[in-house]
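Undergrad: Here is my input, please return the structure:
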Amino acid sequence: MRAGLTAFRVHVTGLVQGVGFRPFVHRLAVRHGLAGWVRNESGEVEIEIEGGEEELAAFLRGLRQEAPPLARIEEVESVPCDPAGSDGFSILASLSRPDRRQPVPPDTALCAACEAELFDPADRRYRYPFITCTDCGPRFTVIDTLPYDRERTSMRAFRQCPECLREYHDPADRRYHSESNSCPACGPRVWFEPAGTPDSIAYGDAGLAKAAELLRAGGILAVRGLGGFHLAADATDEAAVLRLRRRKHRESKPLAVMVRSLAEAQVVAVVNAGEARLLTTPQRPIVLVGRRVDGGLAPSLAPGLDTVGVVLAYTPLHHLLLELAGRPLVMTSGNRSEEPIAIGNPEARLRLGGIADGFLLHDREIVARYDDSVVRMAGDTVVTLRRARGYAPLPLELPVPTPVPLVAVGPHLKNTFTLAHGDRAYVSQHIGDLEGLDTVAHFEDALDRLRRLFSVIPEVAVRDLHPGYLSTRLAEGLGLRQVIPVQHHHAHVAAVMAEHARTAPVLGIAYDGTGHGDDGRTWGAELLAADLAGYRRLAHLRYVPMPGGDLAARTPWRVAAGYVAAEPSVAPAFRLAFQGVDSRERAVAERQAAAGLNAPLASSMGRLFDAAAAVLGVRRVSDYEGQAAMELEALAGRRVAREYRCEVTGGGEGPWVLDPVPLLVELGERRQSGEDAADLAADFHASVARATAELARRAGDAVGLDTVALGGGVFQNARLLESVCERLERERLRVLLPRRLGPNDGAISYGQAAVAAAWLTHGMG
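TA: Prediction:
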């Protein structure tokens, strides 16, 4: 043993497996002339390192400052130990400990080094559609079980050739222990087959060329990607886009566009600096950006909207296809509307055969369905609209650890579920709307898989308060010893609190479509004084009947009819809401509202936006959820607005009630007098934001709270979110916003888990 040696035992936690962390440690140690070893222990990393004090200090700094791009270090603990007198530095075999739960790395985009090799004619992986390394490629979608080793992934079907094995075993190589490592000689293969003629197959470059030829000719291509199929079409060809919409039964819901580079994105869209950063992250989400009028995209990509969803190519297959097609491509989920995406080749031929003209297939099996993530910017704030590829299922922390393992099954729409153990919450990828057997099967398969991956066997189920949701029946059907109901809007607020590790009470503002209230009515615009364990309702929007129940969410004129039924004198100001509506259908809706027959009372902010869109003549019937509100936001744009007061009543022993009827009447009358609908849409946003901030200040003063948590799907509206935040901060209130999860129902399961953990800890559940 050399004299003057110092040694440390170092423990690193976080996302440090499957991201090239051990070879990074090896290279760092060798660079500083240090000896010892590194190994994985169930997703955590143990290091024993010895050498000179200055070199060790530099090594420990480098662990954090130079970590691989996909690593997420939570903690580095170093404890002095006795030097072992090691010769050199080695990488030891992994240890698996059944009592430990390790994070699963999400799939990430093709890295710059692999992209350079992909288009380098001198490289042995030139134009190979499955090129990958430890810094990029599939993870979650190929992992069967943990620990993450090749034999536990769908890559086990491909035996590495000698050259790939040499890279795999060389700590100095960036493909060291890259479990998806392969090449044209030993890896997956790609082929093209026309729809209905699976025997007419073209492999490799010839298949890619035929696929690109189909797209250039206006055809629709089903592409097997990382977590499922996409349906692709020429995004500059209006006829092709309309054909895709017709076959997919997606009348007007926006379609995403894929391009190869940021420069290409800037041709079709207006991209600010924050959006550019999001587009180019390894997660490669779809980013909503401003659409260029002269960008050359088909008009029907996002009708009625001023934004378009853009995503940069994130797999080598995408890069090759886009290069050959030579144009932006629609890249939308490979399904019929409201179904889960297809993942298997036989499944795709069956389910997509009536949509696609051809299939670009491969033989690397997909273990988990995995939609694209969707985000947008609201000022400097990143708003998550759908959390899936690139982000899920990385764990979040619970501010109050759960004393027993639990599963929170989430809401009915935009479903996710959460498994929780101790202070860790594993939020699933986006599942979708629980409205069909296929989506329920997707939920059950995903739940079973995550239970196995994270070794969480729940003892308690947590569900929404609504007794009729399918998620409620799923929770009851798990057969666990206890089922805890959590009110929908409390879960929204709790999700934001938990992300910020907040346990002290806050003012919670939850604006969404609908949620079952504890008074049996439909809530959707709530101001709560809340902590994780409970809440008190301080204010809400005025109740009005919703004739047709859930049908009102797709027919804004029905929401307007509910307001008229509640206050008949407003009918003249609402005249535009009913233009073109069948008089008999309207009469039925009015009778329903008057009699309270299939017309539940609701305090919904989402439905208020629908009513405003109808009153302004913007939209009376919606093709998809939220369309009216999205078009209202697009219409408002960045116009300067005038603010109008909403009346507030109540208070004292009961909650304050925000009455928007005077505002709607003002807007309706001004629109009928000829004022621009866009100006009035801007005025509506500003007036709602002002009323929100004024109510929050009043409530905060009354209960002694100065921190506000914003949740609920209405806050996906960037104009409203920015305006509300600005006004709240002007009132000297601290604002908490969703960060890693979105404001919409995709965060409900995490909020449910946080509430249940607090209840169980305090003996309330």
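Undergrad: any idea how far residue 511 is from residue 545?
TA: The spacing between residue 545 and residue 511, counted by CB to CB, to the nearest Å, is 20 Å. Where C-beta positions appear, they are placed from N, C-alpha and C, glycine not excepted.
Undergrad: Now do residue 149, the pLDDT please.
TA: As predicted, residue 149 sits at a pLDDT of 85.
Undergrad: count of neighbours near it?
TA: The local packing of residue 149 (other CB atoms under 10 Å) involves 18 other residues.
Undergrad: which regions of the stretch 601-750 of the chain lie under the pLDDT threshold?
TA: Counting by pLDDT under 70, the stretch 601-750 of the chain contains no low-confidence residues.
Undergrad: can you give me the strands in it?
TA: 601-604, 647-650, 656-659, 707-711, 734-736 (DSSP state E, counting those that start in this stretch).
Undergrad: Could the C-alpha coordinates of the fourth one be exported in PDB?
TA: This file holds the C-alpha atoms of strand 707-711, laid out as PDB (Å, rounded to 0.1, in the frame of the first residue of the first chain):
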ATOM      1  CA  THR A 707     -49.400  31.100  -1.100                       C
ATOM      2  CA  VAL A 708     -51.600  30.000  -4.100                       C
ATOM      3  CA  ALA A 709     -51.400  26.600  -5.900                       C
ATOM      4  CA  LEU A 710     -52.900  26.600  -9.400                       C
ATOM      5  CA  GLY A 711     -54.200  23.300 -10.900                       C
END
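Undergrad: Using neighbour counts, pick out the buried residues of that strand.
TA: The neighbour-count check on strand 707-711 (16 or more other CB atoms under 10 Å) flags 707-711 as buried.
Undergrad: can you check the shortest one too?
TA: Judged by neighbour count (16+ other CB under 10 Å), strand 734-736 contains these buried residues: 735-736.
Undergrad: Check the second one too.
TA: Of the residues in strand 647-650, those scored as buried under the neighbour-count criterion (16+ other CB under 10 Å) are residue 648.
Undergrad: Find out how far it is from the centre of the chain, if you would.
TA: Chain-centre distance of strand 647-650: 36 Å, with CA atoms, centre = their mean, to the nearest Å.
Undergrad: what does it contact?
TA: Outside strand 647-650, the residues within contact range by CB atoms under 8 Å, 6 or more residues apart in numbering are 539, 656-659, 661-662, 691, 694-695, 698.
Undergrad: Which single one of those is nearest to residue 376?
TA: The closest of the contacts of strand 647-650 to residue 376 turns out to be residue 691 (CB to CB; 24.0 Å).
Undergrad: Give the burial count for that closest one, as a bare number.
TA: Residue 691: 24 neighbours (other CB under 10 Å).
Undergrad: Over to residue 569?
TA: Residues contacting residue 569 under the criterion other CB under 10 Å number 9.
Undergrad: check contacts around residue 150.
TA: Counting by CB under 8 Å, 6+ apart, residue 150 touches 156, 179.
Undergrad: any idea how far residue 143 is from it?
TA: From residue 150 to residue 143 the distance is 10 Å (CB to CB).
Undergrad: again, but for residue 185
TA: With the distance defined as CB to CB, residue 185 ends up 24 Å from residue 143.
Undergrad: Which of the two has more residues huddled nearby?
TA: Just comparing residue 185 and residue 143: by other CB under 10 Å the higher neighbour count belongs to residue 143, 24 against 13.
Undergrad: Find me the pLDDT at the more buried one, would you?
TA: So, for residue 143, pLDDT stands at 94.
Undergrad: thought it was touching residue 106?
TA: No: Residue 143 is not in contact with residue 106 according to CB atoms under 8 Å; the separation is 10.4 Å.
Undergrad: Now list whatever residues contact both of these two.
TA: With the criterion set as CB under 8 Å, 6+ apart, the contacts of residue 143 and residue 106 do not overlap.
Undergrad: Spell out, range by range, the strands that occur in the stretch 101-250 of the chain.
TA: Using DSSP E, counting those that start in this stretch, strands in the stretch 101-250 of the chain cover 190-194, 202-203, 221-224, 229-234.
Undergrad: picking that back up, just put the strands of the stretch 601-750 of the chain in CSV and tack on distance to residue 38.
TA: Formatted as CSV, these follow (distance: least, CB to CB, whole Å):
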stretch, distance to residue 38
strand 601-604, 55
strand 647-650, 62
strand 656-659, 59
strand 707-711, 41
strand 734-736, 38
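Undergrad: Of those, which is nearest residue 84?
TA: Using CB to CB, those put strand 734-736 closest to residue 84, at 48.1 Å.
Undergrad: partners of that closest one in the sheet?
TA: strand 707-711 (parallel) (DSSP bridges).
Undergrad: so how far is the partner strand from its chain's centroid?
TA: 20 Å.
Undergrad: go on, stretch 751-764?
TA: The answer for stretch 751-764 is 24 Å, by CA atoms, centre = their mean.
Undergrad: And stretch 95-109, by the same measure?
TA: Going by CA atoms, centre = their mean, where stretch 95-109 is centred and where its chain is centred differ by 21 Å.
Undergrad: Please identify the buried residues of that stretch?
TA: 101-109.
Undergrad: Taking those together, which two end up most distant?
TA: 101 and 109 (26.3 Å).
Undergrad: Show the contacting residues for residue 703.
TA: 507, 529, 538.
Undergrad: The residues you listed in strands, which ones?
TA: 507, 529, 538 (DSSP state E).
Undergrad: Neighbours of the second one, how many?
TA: In terms of burial, residue 529 registers 21 neighbours under the definition other CB under 10 Å.
Undergrad: Residue 333 and residue 231 touch, don't they?
TA: Yes: contact status for residue 333 versus residue 231: in contact at 7.3 Å, counting by CB under 8 Å.
Undergrad: Could you check which of those two is surrounded by more residues?
TA: residue 231 (27 against 24).
Undergrad: Any idea what the more buried one is bridged to?
TA: residue 222, residue 332.
Undergrad: Please renumber the chain so that the first residue is 47 from this point on.
TA: Right, with 47 as the first residue, what we last looked at is residue 277.
Undergrad: quick one: it and residue 399, what's the gap?
TA: Taking CB to CB, one finds residue 277 at 12 Å from residue 399.
Undergrad: Let me see the ranges of the helices in the stretch 97-246 of the chain.
TA: With DSSP state H, counting those that start in this stretch as the criterion, the stretch 97-246 of the chain has helices at 99-111, 158-164, 208-214.
Undergrad: can you list those helices in CSV and add mean neighbour count and distance to residue 439?
TA: Converted to CSV, the helices of the stretch 97-246 of the chain look like this (neighbours: other CB atoms under 10 Å; distance: least, CB to CB, whole Å):
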stretch, mean neighbour count, distance to residue 439
helix 99-111, 15, 24
helix 158-164, 16, 24
helix 208-214, 14, 26
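Undergrad: Minimum distance to residue 67: which of these has it?
TA: That would be, of those and by CB to CB, helix 99-111, which comes in at 9.3 Å.
Undergrad: could you give the mean pLDDT of the closest one?
TA: 94.
Undergrad: Restrict it to CA atoms and write it as CSV.
TA: Listed next in CSV are the C-alpha coordinates belonging to helix 99-111 (Å, rounded to 0.1, in the frame of the first residue of the first chain):
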residue,chain,number,x,y,z
GLU,A,99,-6.5,14.2,-1.6
GLU,A,100,-6.5,16.8,-4.4
GLU,A,101,-7.3,14.1,-7.0
LEU,A,102,-10.1,12.7,-4.9
ALA,A,103,-11.6,16.2,-4.4
ALA,A,104,-11.5,16.7,-8.2
PHE,A,105,-13.1,13.3,-8.7
LEU,A,106,-16.0,14.1,-6.3
ARG,A,107,-16.6,17.4,-8.0
GLY,A,108,-16.6,15.7,-11.4
LEU,A,109,-19.2,13.2,-10.3
ARG,A,110,-21.8,16.0,-10.2
GLN,A,111,-20.5,18.4,-12.7
